[in-house]
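Enquirer: Just to be clear, the model below is a prediction. Sequence and coordinates:
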Amino acid sequence: MIWTKYADLPTDSAFKNVANSTLAVYDGKLYLLGGIDAVTQEVSSAVRYYNTSSKAWKKGTSMPEGRFQAVGRQVGSSLMVVLGGSTGSSDRDGNDPAVPKTLVMKGNTWTTGSAPGNYIGDDLSYIELMDLQNDGQTYKNYYYEGSVGIVSGGVIISGFPVDGMGDTMTYNIKTAKFKSSDYQLLSETGGYKAAGITVGSKFYIMTGWVDEEEYEYSDWSYIMGTLVAEYTDVKMSVMPVTSGLSQIVTSNVKNGKVTGTGKYLPGQKVKITCKPNKGYYLTSWKAAGATIKTASGNVVTGDKITVTTTFTKYKTEVKLNKTKLTLKAEDTYKLKATVTGAYKGVKKVKWTTSNKKYATVDSKGNVKIKKAGAGKTVTIYATATDGSKVKTKCVIKIKK
């Protein structure tokens, strides 16, 4: 497996000196959200998304407030931004910065939800930057981090101890509130790092203990994107959750089949194909209320998508001016086909012969008997070309 370059990061003024932005996938597009200016230490609310068709970054709707080092997850048809930091240049002097509120975007509209509560952990992560515009002093820009997974209707956050809620909680988009989980990760409030991911209806969390006083920074390494020490006791835990996967289902499909249904990650592009049974054709199909004009089409997962179809029985009939003939070698005869009830009014037929050595037929129904067919029987077919494959035949006996 070889990595290839996909795209450069945005180079416009909003992202010129910005670091620690949030990268997320939403509605089948890459989103870059916020960050902190390495020169001014101002927290950005800017949003850019990558258009795969034009292969260019486009300006999106800015977040209600600035955010850096946050976590972005698509849940259903919404994009959630949680944790991270919302203020810069703040030394931790006993008063932690407020835990940022949850930001939710649906379509192009942002709403602001609640924050988890008062953080009671022992450790708080920070980004150290130098103020190059003013005094040249180094400042610590604090932010909040935890393990974030997708669940039905929202996210689950673990490894983030909050007063009165424990270290594991869920956020529901509809209620815009956090709720303590029945499962808790650890009884301790600090001294460890955690990284997690949801897989279907399970939330897997990896934890590792860190002793910053005893070991040097060089002894640390990354596990699942989270900094832990090589010497630490790394453990894996699992919690049951209500799956946050997006569903594609069918409703009352008759006389045909639909492929591509199932459970997928939100924001995933999925190909849906509708195939009629023999003797039927696809009149129309819809996904989430939108009509698709071709038999196959791509949908982007979000909220539950229901695929509805209409398969209609062909009414095509093909009749020939002759169904039986007796001819001799070198004879010619013109067969005529009449098509009624054809799909979309297509009245053309395709002519074929059962044996080209005995008789041939051209695209206009002209039959020519060959010498090799003497004493034999050959069949000429006329097949409708409207997709029904309805056909009729003329049986020809060839005299010796």
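Expert: On my side now, so go ahead.
Enquirer: Now for residue 265: which residues touch it?
Expert: 74, 150, 245, 246, 301 (CB atoms under 8 Å, 6 or more residues apart in numbering). (Glycine included, C-beta is placed from N, CA and C.)
Enquirer: For it, give its distance to residue 195.
Expert: 18 Å (CB to CB, to the nearest Å).
Enquirer: which residues of the stretch 1-150 of the chain score low on pLDDT?
Expert: By pLDDT under 70, the weakly predicted segments of the stretch 1-150 of the chain are 88-95, 130-136.
Enquirer: Do a quick rundown of the helices in it.
Expert: For the stretch 1-150 of the chain, no helices are identified by DSSP state H, counting those that start in this stretch.
Enquirer: Repeat that for the stretch 251-400 of the chain.
Expert: Going by DSSP H, counting those that start in this stretch, the stretch 251-400 of the chain shows no helices.
Enquirer: okay but residue 202 is in contact with residue 240, surely?
Expert: Yes: under the criterion of CB atoms under 8 Å, residue 202 makes contact with residue 240 at 6.3 Å.
Enquirer: Which of these two has more residues huddled nearby?
Expert: Neighbour totals were compared for residue 202 and residue 240, and residue 202 leads with 13 against 10 (other CB atoms under 10 Å).
Enquirer: Next up, the contacts around that one.
Expert: Contacts for residue 202 were tallied using CB under 8 Å, 6+ apart; they are 238, 239, 240, 241.
Enquirer: what do you get for residue 283?
Expert: Residue 283 makes contacts with 310, 311, 312, as judged by CB under 8 Å, 6+ apart.
Enquirer: Look up how far residue 153 lies from the first one.
Expert: Going back to what we said before, that points to residue 310. Distance from residue 310 to residue 153, counting by CB to CB: 32 Å.
Enquirer: what do you get for residue 64?
Expert: Here residue 64 is placed at a distance of 21 Å from residue 153 (CB to CB).
Enquirer: just for the stretch 201-350 of the chain, where's the confidence low?
Expert: The stretch 201-350 of the chain contains residues with pLDDT under 70 at 209-233.
Enquirer: Swap in 80 and give it another go.
Expert: Applying pLDDT under 80 to the stretch 201-350 of the chain flags the ranges 208-234.
Enquirer: SS state for residue 250?
Expert: strand (DSSP: H, G, I helix; E, B strand; the rest coil).
Enquirer: do the same with residue 205
Expert: With three-state DSSP as the criterion, residue 205 reads strand.
Enquirer: can you count the residues close to the nearest residue to it once chain neighbours are set aside?
Expert: Spatially, and ignoring its direct neighbours in sequence, residue 205 is nearest to residue 196 (3.9 Å; CB to CB, 6 or more residues apart in numbering). Residue 196 is flanked by 25 other residues according to other CB under 10 Å.
Enquirer: how about residue 196, what does it touch?
Expert: For residue 196, counting by CB under 8 Å, 6+ apart, the contacting residues are 147, 148, 149, 158, 159, 203, 204, 205, 206.
Enquirer: check which helix or strand covers it.
Expert: Following DSSP states H and E, one finds residue 196 within strand 192-199.
Enquirer: Sheet partners, orientation included, of that strand?
Expert: Note on strand 192-199: by DSSP bridges, its sheet partners are strand 202-209 (antiparallel).
Enquirer: mind listing what's buried in the strand it pairs with?
Expert: Across strand 202-209, burial judged by 16 or more other CB atoms under 10 Å covers 203, 204, 205, 206, 207, 208, 209.
Enquirer: any idea how far it is from the chain center?
Expert: Centre-to-centre, strand 202-209 and its host chain are 25 Å apart (CA atoms, centre = their mean, to the nearest Å).
Enquirer: thinking residue 243 is in contact with residue 151, fair?
Expert: Yes: distance between residue 243 and residue 151: 7.4 Å, which falls inside the contact criterion (CB under 8 Å).
Enquirer: overlap in contacts of these two?
Expert: With CB under 8 Å, 6+ apart as the test, residue 243 and residue 151 both reach residue 198.
Enquirer: More neighbours: those two, which one.
Expert: Between residue 243 and residue 151, counting by other CB under 10 Å, residue 151 is the more crowded of the two (21 against 16).
Enquirer: Just the terminal-to-terminal distance for stretch 279-297.
Expert: Distance across stretch 279-297, first residue to last, is 23 Å (CA to CA, to the nearest Å).
Enquirer: Same question for stretch 147-159.
Expert: 6 Å.
Enquirer: ok, back up a step: ok, now how distant is the residue nearest to residue 205 from residue 145?
Expert: In terms of CB to CB, residue 196 sits 11 Å off from residue 145.
Enquirer: Repeat that for residue 323.
Expert: 80 Å.
Enquirer: same deal with residue 243?
Expert: 24 Å.
Enquirer: And for residue 36?
Expert: According to CB to CB, residue 36 stands 14 Å off from residue 145.
Enquirer: the more surrounded of these two?
Expert: residue 36 (28 against 22).
Enquirer: on that earlier part again, closest to residue 368 out of the buried residues of strand 202-209?
Expert: Residue 368 lies nearest to residue 204 out of the buried residues of strand 202-209, by CB to CB, at 73.0 Å.
Enquirer: Residue 256: neighbour count?
Expert: Neighbours around residue 256, by other CB under 10 Å: 18.
Enquirer: Next up, the contacts around it.
Expert: With CB under 8 Å, 6+ apart, residue 256 has these contacts: 274, 275, 276, 277, 280, 282, 309, 311.
Enquirer: One more: residue 263?
Expert: By CB under 8 Å, 6+ apart, the contact set of residue 263 is 200, 243, 245, 246, 247, 248.
Enquirer: please redo it, this time with the cut-off set to 6 Å
Expert: 245, 247 (CB atoms under 6 Å, 6 or more residues apart in numbering).
Enquirer: Quick check: bridge partners of residue 36?
Expert: Beta bridges link residue 36 to residue 19, residue 43 when assigned by DSSP bridges.
Enquirer: With residue 333 instead?
Expert: Beta bridges link residue 333 to residue 367 when assigned by DSSP bridges.
Enquirer: All good on my end, thank you.
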